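Peer 1: could you work out the structure for the sequence below:
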Amino acid sequence: MKKYIIAAFSILLTSGTVQAQQKWTLEKCIEYALENNITLKSTELTTKSQEIRLQMAKNQRLPDLNGSASGSLNFGQSLNSNNTYENKNSSSYSAGLNTNVVLFNGFQTKNSIEVQKFTLQASLEELKKAKESMSVNIASAFLQILLNKELYQVSLEQVQLSQTQLTRYENMADLGKIPAGQVFEAKSQLAKDKLSAAQSLSNLQLSILDLSQLLDLKEWTDFDIVSPTIYMQMLAMTAQPADEIFNYAVANKASVKASESRLKSSESSLKVTQGALYPSLSLWGSYSSRYYPDMMIVNPTTNVYSKASFSKQIDINAGTAFGLSLNIPIFNRFATRNNIKLSRIDVENAKLELDNTKKTLYKEIQQAWFSATTASEKYVASGEAVTYSEEAYRFAEEKFNNGRSTIYEFNDAKMNLASARSNQLQSKYNYLFSIKILDFYKGETIKL
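Peer 2: Below is the predicted model of the structure:
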């Protein structure tokens, strides 16, 4: 009967867990997040906007073309179709095309293109950085679920042990070998273990919810992950020094490349402002024609006047012009000089940002390397603690079964074993995560 009670309790606890209809690997979680995360989509749109800005800057090399049209009604003294003034009511209509192309403007167009090009590069690196951060966050949440799953299993094992011990106590009490009070103490311990198991289950469900929210899943109750086998080879500590990892990361990580591109963009922007000191030269051209409703022309053969047709007027009234336009800056209230000073400050700020990015990256790698080293030591120590706790538990169980110790001593040994196993699991996953972080800085894909 007791076995059925144990089975029923296990079903009751596991019924609150995720009844997984689909199990996701870490790789699938990362891939899904990179394709569907709203924040990443917004960053991608920012990058696309920058691509358009770059194209707009390149288009400044092209000539422009504008059309114009106008009409007028004149009363009294006005200029007529013969280009003379007369006192009569008249009307006229005109249309034209004009174009302008910059031949030289202090290389401002060229440098403006460079500004947008480097800004686009920075935007692309920022997108890559955002994807890297998302991958790390997904991996952290994934490993937290794995840890909570194993902690939950440990708590269920404690419930199983307490249930077995309660059954033994009840049999012994029925035979008069122990007082009935010890049975109640065993029931109390079982209730505590059940409460601990319920809390472990809650932590597991919360960690699953956290990952599903990172993935922006609409429904998480049928979401679960694949629990990969963690081999000892995966926990092999890398001997590569932190400085070597940094040398690779500083040349390849997106955060550094983004800062470098921003610095180049600032330097090109400085050249744009300096270009305003130079004269600018443009080539322009125009074409126009006019139409007068009352315009008269003479037939050279008959010397008879008649109204000129629309097409005829467009032809005879047409005019074309070309020319060069030179603009020499002389004085603009020191605006150009002050803009140059501001641009130089922007360059210095970009240099400081680059230096700070490198220093921050170095600190992060140092901390990750130290964390991995410490986690390795803790993992080894926690394994030894579990071994000794298991021996202590077996010894305490044997003593208690032979009547040479109290239930309190036995429960202490059981709780110490559970605590040692929990510490070992936490050390294991902290160690694994630290190794994956170092792999991330070395440019390796995060995977299990």
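Peer 1: any idea how many residues pack against Thr357?
Peer 2: 19 (other C-beta atoms under 10 Å). Placement of C-beta: from N, CA and C, glycine included.
Peer 1: helix/strand/coil for it?
Peer 2: helix (DSSP: H, G, I helix; E, B strand; the rest coil).
Peer 1: beta partners for Asn100?
Peer 2: Beta-bridge partners for Asn100, by DSSP bridges, are Asp64, Trp284.
Peer 1: what's near enough to touch it?
Peer 2: Going by C-beta atoms under 8 Å, 6 or more residues apart in numbering, Asn100 touches Pro63, Asp64, Ser282, Leu283, Trp284, Gly285, Ser325.
Peer 1: and it, how far from Leu324?
Peer 2: Taken as C-beta to C-beta, to the nearest Å, the spacing of Asn100 relative to Leu324 amounts to 11 Å.
Peer 1: find residues that contact each of those two.
Peer 2: With C-beta under 8 Å, 6+ apart as the test, Asn100 and Leu324 both reach Ser282, Leu283, Trp284.
Peer 1: wait, doesn't the last one sit right on Leu103?
Peer 2: Read that as Trp284. No. The criterion here is C-beta atoms under 8 Å, and Trp284 misses it with Leu103 at 10.4 Å.
Peer 1: overlap of the contact sets of these two?
Peer 2: Going by C-beta under 8 Å, 6+ apart, residues that sit against Trp284 and also against Leu103 are Leu324.
Peer 1: the more surrounded of those two?
Peer 2: More crowded of Trp284 and Leu103, by other C-beta under 10 Å: Trp284, with 15 against 11.
Peer 1: please enumerate the strands of the stretch 251-400 of the chain.
Peer 2: For the stretch 251-400 of the chain, the strands defined by DSSP state E, counting those that start in this stretch cover 280-291, 296-298, 305-307, 319-327.
Peer 1: out of these, which is the most enclosed?
Peer 2: Of those, the one with the most neighbours on average (mean count of other C-beta atoms under 10 Å) is strand 280-291, at a mean of 16.
Peer 1: for it, packing partners?
Peer 2: Other helices and strands packing on strand 280-291, by 3 or more C-beta pairs under 8 Å, 6 or more residues apart in numbering; DSSP states H and E, are strand 90-104, helix 310-316, strand 319-327.
Peer 1: which of these sits closest to Val386?
Peer 2: Closest approach to Val386 among the helices and strands packed on strand 280-291 (C-beta to C-beta): strand 90-104, 76.3 Å.
Peer 1: tell me which residues in the closest one are buried?
Peer 2: With burial defined by 16 or more other C-beta atoms under 10 Å, the residues of strand 90-104 counted as buried are Ser90, Ser92, Gly96, Val102.
Peer 1: before we move on, what about stretch 268-284?
Peer 2: Going by neighbour count (16+ other C-beta under 10 Å), the buried part of stretch 268-284 is Ser268, Ser269, Leu270, Lys271, Val272, Thr273, Gln274, Gly275, Ala276, Ser280, Ser282.
Peer 1: still on that earlier bit, can you tell which of the strands of the stretch 251-400 of the chain is closest to Lys436?
Peer 2: Of all the strands of the stretch 251-400 of the chain, strand 280-291 comes closest under C-beta to C-beta, at 55.9 Å.
Peer 1: CA atoms only for the closest one - export them in PDB, please.
Peer 2: Only the C-alpha atoms of strand 280-291 are listed here, as PDB (Å, rounded to 0.1, in the frame of the first residue of the first chain):
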ATOM      1  CA  SER A 280      32.700  74.900 -54.100                       C
ATOM      2  CA  LEU A 281      32.300  74.600 -57.900                       C
ATOM      3  CA  SER A 282      29.100  73.500 -59.600                       C
ATOM      4  CA  LEU A 283      28.000  73.100 -63.200                       C
ATOM      5  CA  TRP A 284      24.500  74.100 -64.000                       C
ATOM      6  CA  GLY A 285      22.200  74.100 -67.100                       C
ATOM      7  CA  SER A 286      18.600  75.100 -67.900                       C
ATOM      8  CA  TYR A 287      16.000  74.900 -70.700                       C
ATOM      9  CA  SER A 288      12.800  76.900 -70.800                       C
ATOM     10  CA  SER A 289      10.100  78.100 -73.200                       C
ATOM     11  CA  ARG A 290       7.100  80.300 -73.200                       C
ATOM     12  CA  TYR A 291       3.600  80.400 -74.700                       C
END
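Peer 1: rounded mean pLDDT for the helix or strand hosting Ile30, please.
Peer 2: Assigned by DSSP states H and E, Ile30 falls within helix 26-36. For helix 26-36, mean pLDDT is 93.
Peer 1: what about the strands in the stretch 51-200 of the chain?
Peer 2: Using DSSP E, counting those that start in this stretch, the strands of the stretch 51-200 of the chain run over residues 64-74, 77-79, 85-87, 90-104.
Peer 1: helices along the chain, start to end?
Peer 2: Along the chain, the segments classed as helices by DSSP state H run 2-14, 26-36, 38-59, 108-174, 180-214, 242-252, 254-275, 310-316, 335-401, 407-441.
Peer 1: mind giving me a markdown table with these and columns for distance to Phe223?
Peer 2: Shown next, in a markdown table, are the helices of the chain (distance: least, C-beta to C-beta, whole Å):
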| stretch | distance to Phe223 |
| --- | --- |
| helix 2-14 | 16 |
| helix 26-36 | 10 |
| helix 38-59 | 18 |
| helix 108-174 | 10 |
| helix 180-214 | 5 |
| helix 242-252 | 33 |
| helix 254-275 | 29 |
| helix 310-316 | 73 |
| helix 335-401 | 28 |
| helix 407-441 | 20 |
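Peer 1: which of those helices sits closest to Gly71?
Peer 2: Proximity to Gly71, assessed across those by C-beta to C-beta, is greatest for helix 310-316 (13.5 Å).
Peer 1: got a list of contacts for that closest one?
Peer 2: Identification of contacts with helix 310-316 by C-beta under 8 Å, 6+ apart yields Ser289, Arg290, Tyr291, Tyr292, Met295, Ile297, Ala308.
Peer 1: let's have the residues you listed in TSV, adding pLDDT and distance to Lys253.
Peer 2: Formatted as TSV, the contacts of helix 310-316 follow (pLDDT from 0 to 100; distance: C-beta to C-beta, whole Å):
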residue	pLDDT	distance to Lys253
Ser289	92	63
Arg290	89	66
Tyr291	88	67
Tyr292	85	72
Met295	81	74
Ile297	81	77
Ala308	83	74
